[in-house]
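1. Return atomic coordinates for the entry below.
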Amino acid sequence: MTGCMTGFSLARETRRLLIEQPFFLDAGGVLPRLEIVYRSWGRLAPDADNAVVVCHALTGSADADAWWAPFFGAGRALDPAQDFIVCSNVLGGCYGSSGPLTAAPDGQAWGGRFPQVSIRDQVRAQIALADALGIRRIRLVLGGSMGGLQALEWALLDPERVQAVASIAASGRHSAWCAVWSEAQRMALAADPKFRDGHYPPNDPPRAGLAAARAIAMATYRSPQSLASRFGRATGGEAFGARADAPDRLAVGGWLRHHGRTLVERFDANSYLRLLDAMDTHDLARGRGDYENVLRGIRPPVLIGSVSSDALYLPDEQRELARLIPGARLVEVDSAHGHDGFLIDAAAFHPALLAFKQKNHNPAPRRTTARARPTDNGKPWLSPIARQYST
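-> Predicted coordinates:
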């Protein structure tokens, strides 16, 4: 299965929700309709109270069982026998949800015309999906990196429905440090003549620019210890043998080039930019008041996960979240892998995550009245009328 107007592959279990109503965006734009591609595991309970929402990172997809496999399985934090687990491709992404590769009103792909979106917009889209699926209660919202930003927004946008939130390797607002690395990636993309200010043809994307942007990002995702222990001063030939693209050059450079090449084959440059922008505008306090007071007002129980060697979302940022959010629990994992420890060492987070989920699972009493739709400072919202179909 392929996603929308792209050649990017989607798992056969992928489903699509189409909402034929305008979707209003934080920055002032409007999408004429909303398309959300998602996957689910398990079944929704008769009382619709066993949902778990998983939020993915920057270049992730709805295939949460592939990139967070240690969390899935019987007796684990994501247990399809007990939970109805839902993960959707984010708004602005390129794996099927509304984004630069989906159709604009003129029938052509949005491309560089796709409007700016925010983390808050992405969560509103996820809330619309939960509404359409008939979810009344969410046991846990879980995310890492960009997904961790979304998980924290869930706590503020839908506190009545969410029982608990787990945010790993993330922050309450994007720091200047994160923003400067985002800008370096934008500059790398813009330097590719084929970028054409985002108006490139689908068959001739800015491959060199996107690969360079990914290379910059990968350097922030790992740590000096991780790269030193894996590569040291080894050459490509010594580390990779016949697979080396440059046998006589340092292997760590070959590793970086490899990640650049592989991303180009599975991601869209305009989506990459829209998601960088969404992360850079992330601030839980935007439009809500003082930052510390906003954090102190978070109601659902929160688990904050931190990677000891994370050089992108610094551990001090997670400690601040844990200090300011009432009753928050901080779990620090000792990992040499930098920011990517939230994936590479996911198993180390699992015991704390499972215990947190079990502790905060409080079945709600039956309700006969419809759940009120959440609002955010009076901002226009979606109609609940939705059409769901398989692809």
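2. can you tell me the helix or strand for Ala348?
-> helix 346-359 (DSSP states H and E).
3. Now do that helix: distance to the chain's middle.
-> Mean-position distance between helix 346-359 and its chain equals 19 Å (Cα atoms, centre = their mean, to the nearest Å).
4. which outside residues touch that helix?
-> 68-71, 76-77, 139-140, 142, 164, 166, 168, 301, 303, 305, 329, 331, 333-335, 342 (Cβ atoms under 8 Å, 6 or more residues apart in numbering). Yep, even glycine has a C-beta here, placed from its N, CA and C like the rest.
5. out of those, which are inside strands?
-> Residues of the contacts of helix 346-359 located in strands (DSSP state E): Arg139, Leu140, Leu142, Ala166, Ile168, Leu303, Gly305, Arg329, Val331, Val333.
6. Who wins on neighbours among those?
-> Leu142 (32 neighbours; other Cβ atoms under 10 Å).
7. Might one say that that one is in contact with Val54?
-> Yes - using Cβ atoms under 8 Å, Leu142 makes contact with Val54 at a distance of 5.3 Å.
8. Give me the common contacts of the two.
-> Joint contacts of Leu142 and Val54 (Cβ under 8 Å, 6+ apart) are Leu78.
9. Next, the contact list for the closest residue to Asp245 other than its chain neighbours, please.
-> Once flanking residues are discounted, Asp245 sits nearest to Gly254: 5.5 Å by Cβ to Cβ, 6 or more residues apart in numbering. The contact partners of Gly254, by Cβ under 8 Å, 6+ apart, come to Gly236, Ala239, Phe240, Ala244, Asp245, Ala246.
10. got a pLDDT number for Gly254?
-> With respect to pLDDT, Gly254 scores 96.
11. Okay, and it sits in which element?
-> helix 251-264.
12. just the CA coordinates of that helix, formatted as CSV?
-> The C-alpha trace of helix 251-264 is given here as CSV (Å, rounded to 0.1, in the frame of the first residue of the first chain):
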residue,chain,number,x,y,z
ALA,A,251,33.6,5.0,8.8
VAL,A,252,31.7,7.5,10.9
GLY,A,253,31.3,9.6,7.8
GLY,A,254,30.0,6.7,5.8
TRP,A,255,27.4,6.0,8.6
LEU,A,256,26.3,9.7,8.3
ARG,A,257,26.0,9.5,4.5
HIS,A,258,24.1,6.3,4.7
HIS,A,259,21.4,7.8,7.0
GLY,A,260,21.1,10.8,4.6
ARG,A,261,20.6,8.5,1.6
THR,A,262,18.0,6.3,3.3
LEU,A,263,15.9,9.2,4.5
VAL,A,264,15.7,10.6,1.0
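13. measure Val86 to Arg173 for me?
-> Noted for Val86: a distance of 26 Å to Arg173, by Cβ to Cβ, to the nearest Å.
14. Which one's more surrounded, those two?
-> Remark: of Val86 and Arg173, Val86 carries more neighbours, 24 against 18, as counted by other Cβ under 10 Å.
15. Show me what the more buried one bridges to in the sheet.
-> Beta bridges link Val86 to Ser40, Val53 when assigned by DSSP bridges.
16. for it, what are its contacts?
-> Tyr38, Arg39, Ser40, Ala51, Val52, Val53, Val54, Leu129, Ala130, Leu133, Ile135.
17. So in that sheet, which strands flank the helix or strand hosting Leu18, and in what orientation?
-> Here Leu18 sits within strand 15-19, counting by DSSP H and E. Strands that pair with strand 15-19, judged by DSSP bridges, come out as strand 34-41 (antiparallel), strand 387-390 (antiparallel).
18. Which one of those strands has the poorest average confidence?
-> Among the strands paired with strand 15-19, strand 387-390 scores lowest, with a mean of 28.
19. Not counting its neighbours along the chain, what's nearest Pro111?
-> You called it Pro, but residue 111 is Gly. Gly111's closest residue in space is Pro100 (Cβ to Cβ, 6+ apart), at 5.5 Å.
20. returning to what we had before: any idea which of the ones in strands among the contacts of helix 346-359 is closest to Glu265?
-> Ile168 (27.2 Å; Cβ to Cβ).
21. which ones are touching the closest one?
-> Leu142, Gly143, Gly144, Ser145, Gly148, Ile304, Gly305, Ser306, Val307, Phe342, Phe349.
22. Show me what the nearest residue to it once chain neighbours are set aside bridges to in the sheet.
-> Using Cβ to Cβ, 6+ apart and skipping residues adjacent in sequence, the residue nearest Ile168 is Gly305, 3.3 Å away. Gly305 forms beta bridges with Ile168, Val331, as assigned by DSSP bridges.
23. any idea how far Gly305 is from Leu284?
-> Taking Cβ to Cβ, one finds Gly305 at 17 Å from Leu284.
24. ok, now Ser88?
-> 21 Å.
25. Settle it for me: which of these two has more neighbours?
-> Shown here are Ser88 and Leu284; by other Cβ under 10 Å, Ser88 has more neighbours (31 against 22).
26. mind listing what the residue lying closest to that one once chain neighbours are set aside touches?
-> Counting by Cβ to Cβ, 6+ apart, Ser88 lies nearest to Tyr38, which is 3.7 Å off, once chain neighbours are set aside. Residues counted as contacts of Tyr38 (Cβ under 8 Å, 6+ apart) are Thr14, Arg15, Arg16, Leu17, Ala62, Val86, Cys87, Ser88, Asn89, Leu129.
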